[in-house]
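1. Attaching a predicted model along with its sequence, questions to come.
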Amino acid sequence: MSDTPSPAKPLRIGMLGGTFDPVHNGHLRSAMEVREVLGLDTLHMVPAPQPPLRDMPQVSAAQRLALLTAGIGDTPGLLADDRELHRKGPSYSVDTLAELRQQYGEKVPLVMVIGFDAFLRLAQWDRAEQLFELAHLVVIARPGYQSPWPCSLKELVGDRAVDSVATMMQHARGSLLMLELPSLMTISATYIRQRLSDGKSVRYLVPEAVEQAIFHQGLYQSSE
């Protein structure tokens, strides 16, 4: 037998941004499945303090980060990443990807994961043309859901689409993959906030640790 050690498997890193207002079981289950399907070593879940194309979240970025950290708990491979909380002004994914690229190096496959609704607005993002220079893009598709791509999006994506994880991971960046996840959990943060405001239960919609933190701190609940 040879004493030569087998080469280490190259790292695969992912980024999943969002408001997480609040984080719920749909977010976390999707994150787990994305990590498994893509074979990611670490998926950075990055709360946005001030999303440029969305309304301001109801609670502070620090509170949402704390809820996300509680929700992840000891789940392997998921990381609550606070890097955007240290910036002033709007949160731009291109800046976060640039930081991750610098952190992990040029050869590591880096993947940004977004939902289909966000993908349809991708051409409106700040420095959108630079995203593919830094990372791959994986879009969580909805089974049976079709919507035409805007012309600006078609132009941005070009011929970058691939049909498999294996093909995408042959390179460190630059591809687009549409991905359907095994579980389809149609939970929305808007629905959870409304239930909390109405004084209704969110049990089994969010992790128990998140539910306890929300009620302990009185988050999202009506002041009446």
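-> Thanks, I have it.
2. Not counting sequence-adjacent ones, nearest residue to Glu106?
-> Ala172 (6.6 Å; C-beta to C-beta, 6 or more residues apart in numbering). Quick note: C-beta positions are derived from backbone N, CA and C, even for glycine.
3. quick one: the one you found from Ile13, how far?
-> 10 Å (C-beta to C-beta, to the nearest Å).
4. Identify the contacts common to those two.
-> Both Ala172 and Ile13 are contacted by Val108, Pro109, Leu110, under the criterion C-beta atoms under 8 Å, 6 or more residues apart in numbering.
5. Would you check that Ile140 makes contact with Leu179?
-> Yes. Contact criterion C-beta atoms under 8 Å: Ile140 and Leu179 qualify, at 5.9 Å.
6. The two - which one has more neighbours?
-> Ile140 (19 against 15; other C-beta atoms under 10 Å).
7. Now the phi/psi pair for the more buried one, please.
-> Per-residue torsions, Ile140: phi -80, psi 110 (degrees, to the nearest 10).
8. Next one: the closest residue to it other than its chain neighbours from Asp198, what distance?
-> Distances taken as C-beta to C-beta, 6+ apart put Gly115 closest to Ile140, at 5.1 Å, once the chain neighbours are dropped. Gly115 is 26 Å from Asp198, where distance means C-beta to C-beta.
9. Which one's more surrounded, these two?
-> Gly115 (14 against 9).
10. so the more buried one makes contact with Tyr145?
-> No. Contact status for Gly115 versus Tyr145: not in contact, 10.8 Å apart, counting by C-beta under 8 Å.
11. Phe116 and Gly158, how far apart?
-> 19 Å.
12. which one of those two has more residues nearby?
-> Between Phe116 and Gly158, Phe116 has the larger neighbour count (other C-beta under 10 Å), namely 14 against 9.
13. check contacts around that one.
-> Val139, Ile140, Ala141, Arg142, Tyr145, Ser147.
14. low-confidence ranges in the protein?
-> 1-8, 51-55, 143-144, 223-224 (pLDDT under 70).
15. which helices and strands does the helix ranked longest in the chain pack with?
-> Assignment by DSSP state H gives helix 25-38 as the longest helix of the chain. Applying 3 or more C-beta pairs under 8 Å, 6 or more residues apart in numbering; DSSP states H and E, we find helix 25-38 packed against strand 13-18, strand 42-47, helix 61-72, strand 78-80, strand 136-140.
16. okay, the ones you listed in JSON lines with distance to His216 next?
-> Formatted as JSON lines, these follow (distance: least, C-beta to C-beta, whole Å):
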{"stretch": "strand 13-18", "distance to His216": "23"}
{"stretch": "strand 42-47", "distance to His216": "19"}
{"stretch": "helix 61-72", "distance to His216": "10"}
{"stretch": "strand 78-80", "distance to His216": "18"}
{"stretch": "strand 136-140", "distance to His216": "31"}
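17. re the thing from before, give me phi/psi at the residue nearest to Ile140?
-> Dihedral angles (degrees, to the nearest 10) for Gly115: phi -80, psi 170.
18. With Phe20 instead?
-> Dihedral angles for Phe20 - degrees, to the nearest 10 - are phi 50, psi 60.
19. so it makes contact with Pro47?
-> Yes. In this structure, Phe20 is within contact of Pro47 by C-beta under 8 Å, at 5.0 Å.
20. what's the overlap in contacts for those two?
-> Arg64, Leu68.
21. of these two, who's got more company?
-> Ranked by neighbour count (other C-beta under 10 Å), Phe20 and Pro47 place Pro47 first, with 28 against 24.
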